[in-house]
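S.K.: Task: produce atomic coordinates for the following.
(chains A and B)
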Amino acid sequence: MAVEIKMPRLSQTTDEVRFIRWLVQEGETVKKGDPLCEVETDKVTMEVESFTGGRVLELITRPDTVIDAGTVIAVLGGPKEKLDKKHKIKEYEPKHQSDKTAETAVNKTVFGEGNISGQPGSSEKKTVSTELSGDVRATPLVRNIARKRGIDLRLVQGTGPGRLVTKRDLEQFERQAVAPEPAGEPSGASVGEAPLGIAKRLQDVSEEGAAGKTIHELSPSQAAVARNMSRSKSVIPHYYLKTAVYADYMIEHIERSRSRVDGKLSVYSLFIYAAARALRTHPELNGFFRADPVREDRVVYMEDIHIGFAVESGPQLFVPVVRNADRKVVEEIDSEVKRLAAKAKSGKLVPHDVRSGTFTVTNLGIYPIDEFYAIINYPQLGILAMGTIGKTIFIDDDDTMRIRSVFTVTGSFDHRCVNGALGAKFLQTFKQIMEGVQAV
Amino acid sequence: MKNERIIEGLGKTKAVGMFRTMLEIREFEEKIRFLFLEGKMPGTVHQYIGMEACAVGVCAALDENDVIASTHRPHGHAIARGISMDAIAAELYGRTTGCCRGKGGSMHVGDLSKGMLPAIAIVGANIPIVMGMALSFKIRRQKKVAVSFFGDGASNEGAFHEGLNMAAVYDVPAVFICENNQYGASTSIKRVSKIENIADRAAAYGMPGDIADGMNVLDVYEHAKKAVDRARRGKGPTLLELKTFRLCGHSRRDPNKYMNDEEKEYWKTKDPIPFFEKVLLKEQLIKSDEISSLREDVEKRVEQAIAFGQTSPEPAPEDTLRDFYVTMDVPD
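M.R.: The predicted structure is shown next:
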């Protein structure tokens, strides 16, 4: 008989666990007590063992998703057994995906209600409209909030079990809806184009006769980001240096790492690695500027190199910190970056994760951004910004041409204590490390 | 040689009975472990896997009227003290048939009528209580002994110092059993104590400090017997340290990654159950086929106990205030 394996309650403080990976495959036979999968609770990463033996009929939970205790993660059965229809019918949705897979909810076929997508001529559009008119699954609390705020729940993408709309989905939906309007567009027109529920809301809160304004209160963490940004830009005399870094060496390194158990190294990790190593050579960029109203201003150089890296989560900005990055090998940095980035995306960073940074890096390379000028993370002395990797024609010393990968890195520095030559030397070292010219 | 001598003193029935109790503890804990994974066991549990020789060895040295006090890891002590597995399982499920009528749960199992105080889960907290209990035995001239079980973590608590000092000062009939399983939750005892043996601390209180191999039930029994007899004769308390190890996490949610593999492998080779099994076979007190049938029987018993727990009724709302107050005659 098929047995459902449920996620045990592994933490005393939360029901949520991040599902990391499967340690078994479909069709494999497991014994009672064998480890099935690896998960991460709010405190620790651990293996979950099977409470029973049998053949793995189906692995339901996808890696890198956040699920609740009690969620059915797999189905086990006898040696000859086929997957029971009963189990196929149910569809188990992850609470939310750590990575963004935006369209999934719209295009998903619903098991057991196959007639919708089975109809001739029924296309994606039809599926959507059916969903809109269909019943929305939401808890009374969520329905209540939606009613009060005038939000049409049918427009909100539910990420809970069976596409249940959660409070978080509602908040996410609101955040997206209040994103700043494109400049120059008449606000009246944008109201007309806004989805039903939102239009009402926009008019409700209109101020001083100008329609289209919304009030969105910043979370404490984001209010801190806002304060820090304006203080940095108004206090620190920034200057900027940019250089082209050839990425062939780095890409080769990443490709070689593809077969690792923990998967491919990320560009960001190598970026952090090189920045930390370059800072070790140039400690005069690793520290803080301290303005002193009474005595002379001071610069505090730090011995430890803790690199913060910018991560977005919707409109929010987080800067988790890789501690002692100059003393870690790139694999260690990579696993930390992935762990911290996942935590940032799921809103689970704790104060310890974002504290004590001595230098910051930021990366918009996944977008078509060639180069950009970042604002220094106050009161640090500099920040490195990385653009997208592209191809270029490179002319060798003997005048032969070849195609190489390249990206632009821009350093922003505090001119009060980092002079142009210092910034330039630092960038030079960084470039050499990235290009594999300088061994570390 | 030594083991043979101890077994001879115990006799066949008692020795085999101790083996059975160890099997019961292991099987009970394993069963709970899988029920927890299955999501059928509520709460958290702290398990006694690997430490069976400690509880069984000590309890075998006690009389019916003696009293033990346990910790947040009490299942082994309760089974060794003779509380039925039915009552323990029901307690874990929070059912009325549990040894605390379902109001205590895993960390408070116990039954005073069976000589076990409901377990006290706060680290080190049972030590002063056991000292008080032993003092009352002494004042009432009862020939009873009070036994406190605690871990290495508790030995750095203030209560340890206060309790042991006072027990020594009043020469109370108590035995303080430190089950040194090397880790206070995730903290190695080596990180928080500069001395090798916790038993050495006894010297500071003027009581004997003794050490036994906590993975050998016979050694535990012999040393415990000495300490218990001493207490019963009115000679005062003993601190007995049992060197042991838990072959599982601190609690069900603990993957015990702070222990290194060598350490785990080393202690696994010292697993008290296969060890005792070998001794019994060598002394021809039991045959291999008897061991298999014993194991089967134990498995069945544990299954019955779990079923009993699962199917017992939950406490009713009107039971809320039951056991809160004591009824007694007040003299005029």
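S.K.: Only C-alpha atoms from now on, for both contacts and neighbour counts.
M.R.: OK.
S.K.: who's in contact with the longest strand anywhere in chain A?
M.R.: What stands out as the longest strand in chain A, according to DSSP state E, is strand A:401-414. Contact with strand A:401-414 is made by A:236-248, A:370-376, A:381-396, A:423, A:427, as judged by Cα atoms under 8 Å, 6 or more residues apart in numbering or on different chains.
S.K.: Give the buried residues for the helix or strand following that strand.
M.R.: Counting by DSSP states H and E, the next helix or strand C-terminal to strand A:401-414 is helix A:420-435. Using 16 or more other Cα atoms under 10 Å in any protein chain shown as the test for burial, helix A:420-435 gives A:G423, A:A424, A:F426, A:L427, A:T429, A:F430, A:K431, A:Q432, A:I433, A:M434, A:E435.
S.K.: Hmm, the last one is touching A:E252, no?
M.R.: No - counting by Cα atoms under 8 Å, A:E435 sits too far from A:E252 to count as a contact (10.6 Å).
S.K.: Spatially central, which residue of chain A would that be?
M.R.: A:K345 (4.4 Å; Cα atoms, centre = their mean).
S.K.: What does the closest residue to chain B within the stretch 101-250 of chain A show for phi and psi?
M.R.: Per Cα to the nearest Cα, A:P161 is where the stretch 101-250 of chain A lies closest to chain B, at 18.5 Å. Here is the backbone geometry of A:P161 (degrees, to the nearest 10): phi -60, psi 130.
S.K.: Poorly predicted segments of the stretch 201-332 of chain B, please.
M.R.: Applying pLDDT under 70 to the stretch 201-332 of chain B flags the ranges B:332.
S.K.: meant to ask about chain A, not that
M.R.: Ranges of chain A meeting pLDDT under 70: A:43, A:82-135, A:177-213, A:439-440.
S.K.: Quick check: residues of it near chain B?
M.R.: Applying Cα under 8 Å from any Cα of the partner chain, we find that chain A lies next to chain B at A:5-12, A:33, A:46-52, A:70.
S.K.: now do 6 Å
M.R.: Taking Cα under 6 Å from any Cα of the partner chain as the contact definition, chain A meets chain B at A:P8, A:L10, A:M46, A:F51.
S.K.: Can I get those residues in a markdown table including neighbour count and secondary structure?
M.R.: Converted to a markdown table, the residues of chain A next to chain B look like this (neighbours: other Cα atoms under 10 Å in any protein chain shown; DSSP: H, G, I helix; E, B strand; the rest coil):
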| residue | neighbour count | secondary structure |
| --- | --- | --- |
| A:P8 | 23 | coil |
| A:L10 | 26 | coil |
| A:M46 | 19 | strand |
| A:F51 | 21 | coil |
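S.K.: farthest-separated two in those?
M.R.: Farthest-apart pair in the residues of chain A next to chain B is A:M46 and A:F51; separation 15.5 Å (Cα to Cα).
S.K.: Please enumerate the helices of the chain.
M.R.: With no chain named, the answer covers chain A. Assigned by DSSP state H, chain A shows helices spanning A:85-89, A:104-107, A:115-118, A:124-133, A:140-149, A:167-177, A:187-193, A:196-204, A:220-235, A:248-256, A:267-281, A:330-345, A:351-354, A:420-435.
S.K.: Not quite, go with chain B.
M.R.: Secondary structure of chain B (DSSP H): helices located at B:2-10, B:12-37, B:52-59, B:75-80, B:85-92, B:126-139, B:158-169, B:189-192, B:202-205, B:217-232, B:261-269, B:272-282, B:288-311.
S.K.: just to revisit the earlier point, got the angle for the longest strand of chain A vs helix A:248-256?
M.R.: 100 degrees (axes from the mean of the first three to the mean of the last three Cα atoms, to 10 degrees).
S.K.: returning to what we had before: how about the helices of chain B, which one is nearest chain A?
M.R.: Closest of those to chain A is helix B:12-37, at 4.8 Å (criterion: Cα to the nearest Cα).
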